[in-house]
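> one predicted model, sequence on top.
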Amino acid sequence: MATVVVVGGGISGLAAAYYLQRNAAKLGKVILLESSKRTGGWMNSVQHGDGSVFEHGPRSLRPAGKAGRNTLHLVEELGLSKDILVVRRSDPAAKNRFLYVGHKLCALPNSISGVVKTVPPFSRPLLVTLMGEAFAKKNTSPDETIHDFMQRRLGKEFADYAVDAVCRGIFAADCRQLSMRSCFPDIFTLERQHGSLTMGMLKARGSKLENASPLESRAKSEGWASWSLRQGLQQLSDTMTTAVNSNPKCEVRTHTPCWSLVPSSGKIKVCTEGEEILADHVFSAAYSRDLAALLTKDFAELRSELESIKAVSVYVVNLEYLGDHLPLQGFGHLLPSCENPNVLGVVYDSCTFPQHNRRDNPSTRLTVMLGGAWFDGLRTEAGDLPTEERVIEIATGAVCEQLGISHDIQPSKVKVILQKECIPQYTLGHADRLSRIALNLSKSGLPLRLIGSSYRGVSVNDCINNARMEVEGLLCSL
Ligand SMILES: Cc1cc2nc3c(=O)[nH]c(=O)nc-3n(C[C@H](O)[C@H](O)[C@H](O)COP(=O)(O)OP(=O)(O)OC[C@H]3O[C@@H](n4cnc5c(N)ncnc54)[C@H](O)[C@@H]3O)c2cc1C
Ligand SMILES: C=Cc1c2[nH]c(c1C)Cc1[nH]c(c(CCC(=O)O)c1C)Cc1[nH]c(c(C)c1CCC(=O)O)Cc1[nH]c(c(C)c1C=C)C2
C-alpha cells in the first residue's frame, strides 16, 4: 500500500489531501505537512467578537467555468451549501467596478447603454473598440505579453487603462511582463480558434450545463456572480482540514516543515525535524521557490527552473469605519499603474458581503491593496520596508483621496498584513518553463507531482481543480 505525502497545507495541498482521502482505500497512508501553525495558506479570514469578518487573502470565488463548478461540488460534499453567501449578477457588487483615473472614479461599462456611449477614461465607445477587435490581425507567435496582445486587438488606450488595472486586480502584476498564454489561456485560445475574441465569445455563449449538481444548478438559475462563506473563505480550508483528519488513514500535521526531499530507490525520503518518511508519492503544494530549496544539488537544472518563477508581495490593509461612507455601491476600484503605481486598488467589502459587517452598528469595510510588481516603490530611501504607520498613512490617504472618506474620520479597526511573495508571476515564456520542468521531472524519475499557484492558475478555483486532476492522474497510474 502506497504512502503519499503532501508538502504544503494551503488550499492546493488541502485539496490534494482531500481528494486522496476519498480514495484512501487504494492507498496506505496520506500525510500532509504544513510548516506554519495553521492550514489555509493565503486563505485567512479573521472573525471578531462583534460579528465582523476580515479577509487577509482571497475574498470571493466565481461559480463559472469548469474549475468554478468543481469548487461548488466540493462545497456541497463538505456540507457547506447552507453557509454560502451569494453575490448575484444583478447586485451592485457584481455590476459596478470602477477605475480611478484622472482623480475620478469611472464606472466600467456594464450595460448596453454603457457600451454604446463614450465613457471616461476612454475616448470612444466600447462597442467601437469591440467592432474593431473583430478585424484585428491574428498573431501566431507562441506567446505574447498581455499588454501586447490586448493592445494589438483592442487598442493602446484599452490596454493602458482597463487591461493594466485588471491585471493589477488579479495578479498584482505589470501586464507588460505577464504571459497572455499562461494568464488567460481561454482568451488566448479564442484568438487561435476563431481569429477574434468577440466572435469566439459570441459563439461560445449559452452552453448547457450537463450533470449539474444542485448547487451548480442553483448558481446558474439564480445568476450568481461570486460567492463566499458565512465565516469567510477560510471556512472552506478549515472544513477540508477536518474532513481529511477525520479519515483514520490520513493526517494533517501543522508546525511540521519539510526540510528536504531526497531520492531513495524510486521513492522519496521526506525529511522533517524529527522524522524521515519514505513516500511512494509526493505532491508538492508549496511555492515553486520553496520546493527548489528542498531538492538536493543533483537537481540543479530543475531547481533553477523552479527558482525562476518569481512572486510579488502585497500589503493588505483592512479598514473599518463606523457609519456608511461609500460614495458609490460596487465591488471596488482599481488604479491603472499610470495613475498611481503603489496603490493597486480598493475592495468595498461592506458592499460585497454585508453579512460580514459588525452587528452592532452600520459600518464601511474596505481593503486597500498596495505594492505587487511596484512593491519596491513603497520602500524607504535606504531600501527598508515602510513602517506600519507609513503603510496605514498611504492606505487611509488613498481612501481619503479616492473615496472622499475624510482624514478626520478615524477607522474603528485597522489591520496591516504584509503578504510576502504571495502571487506567482507567469511571465512571458511561462508555458515553455513548465514544459522544461515536466521534462526534467520525468528524467529525474522522482515520484513528485507539482500543484499550487506557481504553475497553472492562481485563483482558488484553479488551485483546487488542478490538485484534483493531479490526484486523478496518480490514481489512474496505480
Ligand atoms: C491578497 C490576496 C488576495 C487574493 N484574492 C483572491 C480572490 O479573491 N479569489 C481567488 O480565487 N484567489 C485569490 N487570491 C489567490 C489565492 O488565494 C492563492 O493563489 C491561493 O490561495 C494559493 O494557494 P496554494 O495552496 O497554492 O498556496 P499557499 O496558500 O501559498 O500554500 C502553500 C503552503 O505551503 C506551506 N509550505 C511552504 N513550504 C513548506 C515546507 N517546506 N513544508 C511544509 N509546508 C510548506 C506554506 O506555509 C503554505 O501554507 C488572492 C491571493 C492573495 C495573496
Ligand atoms: C487590487 C489588488 C487585488 C484584488 N484582488 C486580487 C488582487 C491582487 C487578487 C485576485 N482577485 C481575483 C482573483 C482570482 C482570479 C480568478 O480567475 O478568479 C485574484 C487572484 C478576482 C478578481 N478581482 C478582480 C477581477 C476582475 C477578478 C477576476 C474575476 C472576477 O471577474 O470576479 C478585480 C479586482 N480585484 C481587486 C479589486 C479592488 C478589483 C476591482 C475593482 C482586489
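Cool, the structure landed. Numbering: from 1, shown residues only. Ligands and ions are numbered 1, 2, ... in the order given.

> use CA for all of it now, contacts and neighbours both
Fine.

> at the contact with ligand 2, which residues of the stretch 1-150 of the chain appear?
Within reach of ligand 2 by C-alpha under 6 Å from any ligand atom, the stretch 1-150 of the chain has these residues: Arg62, Arg97, Phe98.

> out of those, list just those in strands.
Arg97, Phe98 (DSSP state E).

> closest to Arg456 out of the residues of the stretch 1-150 of the chain next to ligand 2?
Arg62 (16.9 Å; C-alpha to C-alpha).

> look up how far His281 lies from the closest one.
32 Å (C-alpha to C-alpha, to the nearest Å).

> stretch 161-172 near ligand 1 at all?
No. Between stretch 161-172 and ligand 1, judged by C-alpha under 6 Å from any ligand atom, nothing touches; the nearest distance is 7.2 Å.

> ditto for stretch 340-356
No. On the criterion C-alpha under 6 Å from any ligand atom, stretch 340-356 is out of touch with ligand 1, staying 9.9 Å away.

> hey, where'd the helices end up in the stretch 1-150 of the chain?
11-22, 65-77, 92-95, 112-116, 126-133, 146-154 (DSSP state H, counting those that start in this stretch).

> quick check: which of those helices is buried the most?
Comparing these by mean neighbour count (mean count of other C-alpha atoms under 10 Å), helix 11-22 comes out on top with a mean of 27.

> quick one: residues in contact with that helix.
6-8, 30-32, 39-41, 43, 237, 240-241, 243-244, 247, 249-250, 283-286, 451-453, 460, 463-464, 466-468, 470-471 (C-alpha atoms under 8 Å, 6 or more residues apart in numbering).

> name the residues of the stretch 351-478 of the chain found near ligand 2, please.
Contact residues (C-alpha under 6 Å from any ligand atom) of the stretch 351-478 of the chain with ligand 2: Met369, Val458, Ser459.

> and the gap between Ile11 and ligand 1?
4 Å (C-alpha to the nearest ligand atom, to the nearest Å).

> so what's that residue scoring on pLDDT?
As predicted, Ile11 sits at a pLDDT of 98.

> can you give me the end-to-end span of stretch 312-331?
Note: stretch 312-331 ends 23 Å apart using C-alpha to C-alpha.

> oh sorry, the question was meant for stretch 165-180
15 Å.

> re the thing from before, lowest average pLDDT across the helices of the stretch 1-150 of the chain?
The bottom spot among the helices of the stretch 1-150 of the chain, by mean pLDDT, belongs to helix 112-116, with a mean of 81.

> which of the contacts of helix 11-22 fall in strands?
Among those, the ones falling in strands (DSSP E) are Val6, Val7, Val30, Ile31, Leu32, Cys250, Phe283, Ser284.

> tell me which two of those sit farthest apart.
Cys250 and Ser284 (16.7 Å).

> low-confidence ranges in the stretch 201-350 of the chain?
Within the stretch 201-350 of the chain, the stretches with pLDDT under 70 are 206-209.

> could you pull out the strands in it for me?
Ranges of strands in the stretch 201-350 of the chain, per DSSP state E, counting those that start in this stretch, are 224-229, 250-253, 258-264, 267-272, 276-279, 281-284, 311-322, 332-334, 343-347.

> each with direction, which strands does the fifth one pair with?
The partner list of strand 276-279 in its sheet, established with DSSP bridges, is strand 267-272 (antiparallel).

> the strand it pairs with vs strand 258-264, what angle?
160 degrees (axes from the mean of the first three to the mean of the last three C-alpha atoms, to 10 degrees).

> most remote residue from this structure's center?
Ser265 (37.0 Å; C-alpha atoms, centre = their mean).

> roughly how far apart are it and Asp280?
Ser265 is 10 Å from Asp280, by C-alpha to C-alpha.

> before we move on, what about Leu448?
9 Å.

> before we move on, what about Val101?
54 Å.

> repeat that for Glu157.
Counting by C-alpha to C-alpha, the gap from Glu157 to Asp280 is 53 Å.

> go on, Arg449?
Arg449 is 11 Å from Asp280, by C-alpha to C-alpha.

> thinking again about what came up before, could you dump the strands of the stretch 201-350 of the chain to JSON lines with mean neighbour count?
As requested, these are exported to JSON lines (neighbours: other C-alpha atoms under 10 Å):
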{"stretch": "strand 224-229", "mean neighbour count": "21"}
{"stretch": "strand 250-253", "mean neighbour count": "21"}
{"stretch": "strand 258-264", "mean neighbour count": "19"}
{"stretch": "strand 267-272", "mean neighbour count": "20"}
{"stretch": "strand 276-279", "mean neighbour count": "19"}
{"stretch": "strand 281-284", "mean neighbour count": "23"}
{"stretch": "strand 311-322", "mean neighbour count": "21"}
{"stretch": "strand 332-334", "mean neighbour count": "26"}
{"stretch": "strand 343-347", "mean neighbour count": "26"}
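
> show me the contacts for Gly383.
By C-alpha under 8 Å, 6+ apart, the neighbours of Gly383 are Asp376.

> looking at this, it is in a helix?
No. Assessed with DSSP: H, G, I helix; E, B strand; the rest coil, Gly383 is coil; it does not lie in a helix.

> gap between it and Gly377?
From Gly383 to Gly377 the distance is 9 Å (C-alpha to C-alpha).

> cool, and Cys271?
From Cys271 to Gly377 the distance is 39 Å (C-alpha to C-alpha).

> which helix runs longest in this protein?
Longest among the helix segments of the chain by residue count, using DSSP state H, is helix 460-477.

> in contact with Lys117, which residues?
Going by C-alpha under 8 Å, 6+ apart, Lys117 touches Arg124, Pro125, Leu126.

> want to throw those into a markdown table with distance to ligand 1?
Output for the contacts of Lys117, formatted as a markdown table (distance: C-alpha to the nearest ligand atom, whole Å):
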| residue | distance to ligand 1 |
| --- | --- |
| Arg124 | 31 |
| Pro125 | 29 |
| Leu126 | 26 |
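
> any chance of the residues you listed in a markdown table, plus distance to Trp224?
Below are the contacts of Lys117 laid out as a markdown table (distance: C-alpha to C-alpha, whole Å):
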| residue | distance to Trp224 |
| --- | --- |
| Arg124 | 31 |
| Pro125 | 28 |
| Leu126 | 25 |
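
> helix/strand/coil for Leu441?
helix.

> hmm, Arg303 and it touching each other?
No. Counting by C-alpha atoms under 8 Å, Leu441 stays clear of Arg303, with 10.4 Å between them.

> which one of those two has more residues nearby?
Between Leu441 and Arg303, Arg303 has the larger neighbour count (other C-alpha atoms under 10 Å), namely 22 against 17.

> find the nearest non-adjacent residue to the more buried one, please.
Spatial nearest neighbour of Arg303, chain neighbours left out: Ala292 (4.7 Å); criterion: C-alpha to C-alpha, 6 or more residues apart in numbering.

> now Thr256
Ser35 (4.6 Å).

> next one: Ala24
Lys249 (6.7 Å).
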